[in-house]
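# Predicted model and sequence follow; I will ask about them next.
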Amino acid sequence: DVKVTQSSRYLVKRTGEKVFLECVQDMDHENMFWYRQDPGLGLRLIYFSYDVKMKEKGDIPEGYSVSREKKERFSLILESASTNQTSMYLCASSLSWGSDGYTFGSGTRLTVV
Amino acid sequence: DQQVKQNSPSLSVQEGRISILNCDYTNSMFDYFLWYKKYPAEGPTFLISISSIKDKNEDGRFTVFLNKSAKHLSLHIVPSQPGDSAVYFCAAPGSGGSNYKLTFGKGTLLTVNP
């Protein structure tokens, strides 16, 4: 089974800090994604990457950046954390263009105080 | 502009009865649809999918129905079990070159009461 691992389950950071969320997948998937989940808003796409060093903005990229230096690793960066970035962050990966869907990590619950 | 809509934020059913979760979409070019299930503090897990050329797909207790004329799909769970209590998301891929990018609905919280 594909495994997507997010480095932290829970994080508490201060306003203004630079925050790194790490995600690693072990099945050579081309595509990787970062979503955030908020009550009443569902899953919203922040950024995605379809190859090493390639990235594209999702629906809500403001305040975030990403890095994909290796195929298996996709990092989400909060340049200057703010309280409205308190959320559940979910990383996912997928192999192909078809209906295989995504495999998600367990999520990181980030609280910015 | 939300392309995939789940209009019911929550649903409560009795154990053993049928759960029906609904999803509407606006883009008739979607090639397939997927349902994901999410427990608190866990990532979503893939549940079942349906191709746009079919009108039904069944997997054990889970059946997804697709009504293309109405741009509507539904997930049926029969019989419902307390362990089915979770948030359910429907999702569809982008069209053309972005069909690897999924758009999710806002989710429906299903509670199955013992």
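In hand now; what should we look at?
# is the closest residue to A:Tyr50 other than its chain neighbours in a bridge, and if so with what?
Nearest non-adjacent residue to A:Tyr50, counting by Cβ to Cβ, 6 or more residues apart in numbering or on different chains: A:Asn31, 5.2 Å away. The way it works is simple: take the backbone N, C-alpha and C, and place the C-beta from them, glycine included. Beta-bridge partners for A:Asn31, by DSSP bridges, are A:Ser94.
# try B:Ala92
Counting by DSSP bridges, B:Ala92 forms beta bridges with B:Thr103.
# isn't it right up against B:Asn27?
Yes: here B:Ala92 reaches B:Asn27: they are 7.2 Å apart, a contact under Cβ atoms under 8 Å.
# Looking at those two, which is more packed in?
The residue with more neighbours, out of B:Ala92 and B:Asn27, is B:Ala92; 24 against 14, by other Cβ atoms under 10 Å in any protein chain shown.
# Measure how buried the residue nearest to A:Lys3 when sequence neighbours are not counted is and give me the count.
Closest residue to A:Lys3 apart from its sequence neighbours, by Cβ to Cβ, 6+ apart: A:Asp26 at 5.1 Å. By other Cβ under 10 Å, 12 other residues sit near A:Asp26.
# now B:Leu34
Neighbours of B:Leu34 under the rule other Cβ under 10 Å: 23.
# Which secondary structure element is home to the residue positioned nearest the centre of chain A?
With distances taken as Cα atoms, centre = their mean, the residue of chain A nearest its centroid is A:Trp34 (2.8 Å). Element membership of A:Trp34 [criterion: DSSP states H and E] is strand A:31-38.
# Give me the below-cutoff pLDDT ranges for the chain.
Assuming you mean chain A. Within chain A, the ranges that satisfy pLDDT under 70 run A:1-2, A:96-100.
# you looked at the wrong chain, it should be chain B
Counting by pLDDT under 70, chain B has low-confidence residues at B:1-2, B:95-100.
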